[in-house]
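K.L.:
Fold the following and give me the result.
(chains A and B)
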Amino acid sequence: SQQGEEDPQALSIQEGENATMNCSYKTSINNLQWYRQNSGRGLVHLILIRSNEREKHSGRLRVTLDTSKKSSSLLITASRAADTASYFCATVLTTDSWGKLQFGAGTQVVVTP
Amino acid sequence: EPEVTQTPSHQVTQMGQEVILRCVPISNHLYFYWYRQILGQKVEFLVSFYNNEISEKSEIFDDQFSVERPDGSNFTLKIRSTKLEDSAMYFCASSEFGGSSYNSPLHFGNGTRLTVT
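P.N.:
Take a look at the predicted model:
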């Protein structure tokens, strides 16, 4: 089964606007993580939210998790040109060992000045 | 801030050749991983490694693949006989903790782009 499907696939906004992207998954998770990937670079960890948590904040980032709907959202407030990147959600299933992340296809975010 | 480093950044090889991709994980991390990303596709888990042995591997990680921690700092991925479909970006990652009771994030390197011709 496919885990971690992001929506939308692409998002184009202006600096200062908020960007919201969603992630849905199919199977019970231990935790869900969001990563950012700048073009040609590695994945950078943003936030980890455990299955018993509902919301987490980190700077301009806000992540929510609704396990009943098997979905998560990532909100970037007051976006900057430097936020231009691909954003991936990744889940760790309750049946899998730690570190075996299942990634979604990502949301490509473009922030124009 | 400590980081995971990977070399080379780009490797071109002919089909059937062996390649070794190298990684230096963060020094106090104990859990190591390889992932790959075929162009235009999702990032896929290949293998996890702890205490000098494979913890888990995916279906992709067949007999052509092997991993090794030859010394206290390097972590390598070897592909014995490369195929065209092995062309991808290969990412090494490490984490401080592992196991289901821990929730420490993975730290990824910038990747090695492998091109098999």
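
K.L.:
quick one, strands of chain A?
P.N.:
For chain A, the strands defined by DSSP state E cover A:5-7, A:10-14, A:19-24, A:29-37, A:43-50, A:55-58, A:61-66, A:71-76, A:85-93, A:102-103, A:107-112.

K.L.:
Output these in CSV, with distance to B:Arg69 appended to each entry.
P.N.:
(Each C-beta comes from the backbone N, C-alpha and C, glycine too.) Formatted as CSV, the strands of chain A follow (distance: least, CB to CB, whole Å):
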stretch, distance to B:Arg69
strand A:5-7, 34
strand A:10-14, 39
strand A:19-24, 33
strand A:29-37, 24
strand A:43-50, 22
strand A:55-58, 32
strand A:61-66, 33
strand A:71-76, 34
strand A:85-93, 23
strand A:102-103, 24
strand A:107-112, 35
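
K.L.:
what about those, which gets the closest to B:Thr115?
P.N.:
Closest of the strands of chain A to B:Thr115 is strand A:29-37, at 19.4 Å (criterion: CB to CB).

K.L.:
returning to what we had before: take the strands of chain A and lay them out in CSV including mean neighbour count and mean pLDDT.
P.N.:
CSV is the format used below for these (neighbours: other CB atoms under 10 Å in any protein chain shown; pLDDT from 0 to 100):
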stretch, mean neighbour count, mean pLDDT
strand A:5-7, 18, 86
strand A:10-14, 14, 96
strand A:19-24, 20, 96
strand A:29-37, 23, 93
strand A:43-50, 19, 93
strand A:55-58, 12, 96
strand A:61-66, 18, 98
strand A:71-76, 20, 97
strand A:85-93, 24, 93
strand A:102-103, 23, 92
strand A:107-112, 18, 96
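
K.L.:
Spell out which parts of chain B neighbour chain A.
P.N.:
Contact residues (CB under 8 Å from any CB of the partner chain) of chain B with chain A: B:4, B:31, B:33, B:35, B:41-45, B:48, B:55-56, B:58, B:91, B:93, B:95, B:97-100, B:102-103, B:105-111.

K.L.:
Try it again at 6 Å.
P.N.:
Contacts of chain B with chain A, taken as CB under 6 Å from any CB of the partner chain, map to B:31, B:33, B:42-43, B:45, B:48, B:55-56, B:91, B:95, B:98-100, B:103, B:105, B:108-111.

K.L.:
Just the buried ones from the residues you listed?
P.N.:
Among these, those classed as buried by neighbour count (16 or more other CB atoms under 10 Å in any protein chain shown) are B:31, B:33, B:42-43, B:45, B:48, B:55-56, B:91, B:95, B:98, B:103, B:105, B:108-111.
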